[in-house]
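Participant: Structural data only, the sequence is not supplied:
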């Protein structure tokens with residue numbers, strides 16, 4: 001089923017209302033539209049609604065959607081789209097993505113940063129933390145994050161902030177980890193805190209998120225079976 005631009009615009013207004021109710025503003029919290037699992041029409045609908053930041057977790061989807069929606073680049077104001085890569089960075093995928101990604105969210109080890117630096121010198125990145133301790137989730141530990149930030153900076157990368165995926169379960173379970181991430185970002189002098197998705201964005205915004213990653217809240221239920229909560 002095609003994604004309806006007017007419906008996406010309505011849902012975006014709801015998302016922004018949720019952000020404001022949680023204490024954020026449109027100027028302080030960026031909405032990243034996660035198009036993973038949806039077709040290129042989701043990208044077009046997001047752009048039509050005024051969203052310029054698009055998120056993908058899989059390299060193949062990002063590359064194909066970028067090519068399929070190339071004619072949609074920008075709008076009447078000339079504002080470009082920005083691709084966010086949300087998945088764990090696999091070194092063998094970086095070459096294909098290097099010219100497309102504006103912000104890498106899932107950097108959790110030096111080897112990944114080294115590959116990005118080689119393919120896209122000076123690229124903007126976020127360090128992903130595992131805030132829940134769940135084995136199935138990627139991310140470095142809190143104690144390891146400061147050294148990783150230093151290492152990535154030494155590679156010439158622009159480390160913008162920290163990123164996390166909340167734990168499985170009720171949204172409130174994410175609060176302690178998000179709060180700890182925000183405090184660590186402040187201590188490290190990092191401005192961006194990418195945390196919060198469709199189900200737990202209120203908790204994330206309340207704990208200082210500057211960037212929420214939402215897919216279902218904008219586009220509805222996915223039909224793919226490999227969905228991770230976004």
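Facilitator: Here it is on my side, so go on. These numbers were taken from a predicted model, which means no experiment stands behind them.
Participant: mind listing the strands in this protein by residue range?
Facilitator: For the chain, the strands defined by DSSP state E occupy 30-34, 53-56, 82-88, 101-107, 124-129, 158-164, 192-194, 211-214.
Participant: pLDDT (mean, whole number) over the fourth one?
Facilitator: Confidence over strand 101-107, taken as the mean pLDDT, stands at 96.
Participant: tell me which residues in the lengthiest helix in the chain are buried?
Facilitator: With DSSP state H setting the assignment, residue counts place helix 5-21 as the longest helix in the chain. Residues of helix 5-21 classed as buried: 5, 8, 9, 11, 12, 15, 18, 19 (neighbour count, 16 or more other CB atoms under 10 Å). Bear in mind the C-beta positions are built from the backbone N, C-alpha and C, glycine included.
Participant: Then stretch 36-50?
Facilitator: So for stretch 36-50, counting by 16+ other CB under 10 Å, buried means 36-49.
Participant: Now, those that are in helices?
Facilitator: Per DSSP H, the buried residues of stretch 36-50 map to helices at 40, 41, 42, 43, 44, 45, 46, 47, 48.
Participant: follow-up on the earlier one: make JSON lines out of the buried residues of helix 5-21 and add pLDDT and distance to residue 192.
Facilitator: Formatted as JSON lines, those follow (pLDDT from 0 to 100; distance: CB to CB, whole Å):
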{"residue": "5", "pLDDT": "86", "distance to residue 192": "28"}
{"residue": "8", "pLDDT": "95", "distance to residue 192": "25"}
{"residue": "9", "pLDDT": "95", "distance to residue 192": "26"}
{"residue": "11", "pLDDT": "96", "distance to residue 192": "24"}
{"residue": "12", "pLDDT": "97", "distance to residue 192": "21"}
{"residue": "15", "pLDDT": "97", "distance to residue 192": "19"}
{"residue": "18", "pLDDT": "97", "distance to residue 192": "20"}
{"residue": "19", "pLDDT": "97", "distance to residue 192": "16"}
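Participant: From residue 40, how far off is the nearest residue to residue 56 once chain neighbours are set aside?
Facilitator: Counting by CB to CB, 6 or more residues apart in numbering, residue 56 lies nearest to residue 62, which is 3.8 Å off, once chain neighbours are set aside. The gap separating residue 62 from residue 40 is 11 Å, by CB to CB, to the nearest Å.
Participant: ok, now residue 83?
Facilitator: 13 Å.
Participant: how about low-confidence regions in the chain?
Facilitator: The model of the chain has pLDDT under 70 over residues 1, 70-79, 223-230.
Participant: if you set the cut-off to 90 instead, what comes out?
Facilitator: Residue ranges of the chain with pLDDT under 90: 1-5, 26-27, 37, 39-41, 44, 66-81, 90-91, 132-137, 221-230.
Participant: ok, residue 107 - contacts?
Facilitator: Contact partners of residue 107, counting by CB atoms under 8 Å, 6 or more residues apart in numbering, are 89, 113, 116, 125, 126, 127, 128, 148, 152.
Participant: How about the contacts made by the third one?
Facilitator: Which is residue 116. 89, 94, 98, 104, 107, 123, 125, 157.
Participant: Looking at the residues you listed, which is nearest residue 167?
Facilitator: The closest of those to residue 167 turns out to be residue 107 (CB to CB; 20.6 Å).
Participant: out of everything not next to it in sequence, what's closest to residue 34?
Facilitator: In this structure, residue 34 finds its nearest non-sequential neighbour in residue 215, 3.4 Å apart by CB to CB, 6+ apart.
Participant: and the gap between that neighbour and residue 38?
Facilitator: 7 Å.
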